[in-house]
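>>> from the sequence below, what's the structure:
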Amino acid sequence: MIVLFLILSSFIPSIESCVPTPSTPTPAPITCSSLCSPSSLVVASPIDDQPSTVNGCAVRTFVCIAPPLFINAVITYNGSNMIFDDGTGTARMVVTCNAAGTAWTYMGTPVTSASCALF
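Residues are numbered from 1 along each chain as shown. Below is the predicted model of the structure:
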């Protein structure tokens, strides 16, 4: 039975399962820019605004720290969305300039304002 199977399988043409790959790597899509204007995002005190450039991308790190007498720090952006401090007394938010250089974004969402609340 095995010999018959081997004889019959020798008549079946083999199928190549290899897929050709490009000889040059495909460049990663551009997801950010360094062209965003700082004034396109309004930041209210007492938030600490730390601008920087990472891999050619404009990045701003917002830090809100609860000083003594306060327990919690919360960053509110776009008037309603919030980032909490998880009990540490420090809330952080990192925004990146989008690829078009027209908006600061947080997790893909355009951000036009940010503020710090302490309580």
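>>> for burial, what's the neighbour tally of the closest residue to Leu118 other than its chain neighbours?
Excluding its sequence neighbours, the residue lying closest to Leu118 (CB to CB, 6 or more residues apart in numbering) is Phe70, at 4.3 Å. Backbone N, C-alpha and C define where each C-beta goes, glycine included. For Phe70, the count of nearby residues is 12 (other CB atoms under 10 Å).
>>> what about Phe70, is that helix, strand or coil?
coil (DSSP: H, G, I helix; E, B strand; the rest coil).
>>> let me see the contact set for it.
Taking CB atoms under 8 Å, 6 or more residues apart in numbering, we find Phe70 in contact with 89, 118-119.
>>> list only buried entries from these.
Among the contacts of Phe70, those buried by neighbour count (16 or more other CB atoms under 10 Å) are 89, 118.
>>> could I get the full set of strands for the protein?
Here the chain has its strands, by DSSP state E, at 42-43, 48-54, 57-65, 73-77, 81-84, 90-97, 104-106, 109-111, 113-118.
>>> give me the sheet partners of the shortest one and which way each runs.
The sheet places strand 42-43 alongside strand 113-118 (parallel), with pairing taken from DSSP bridges.
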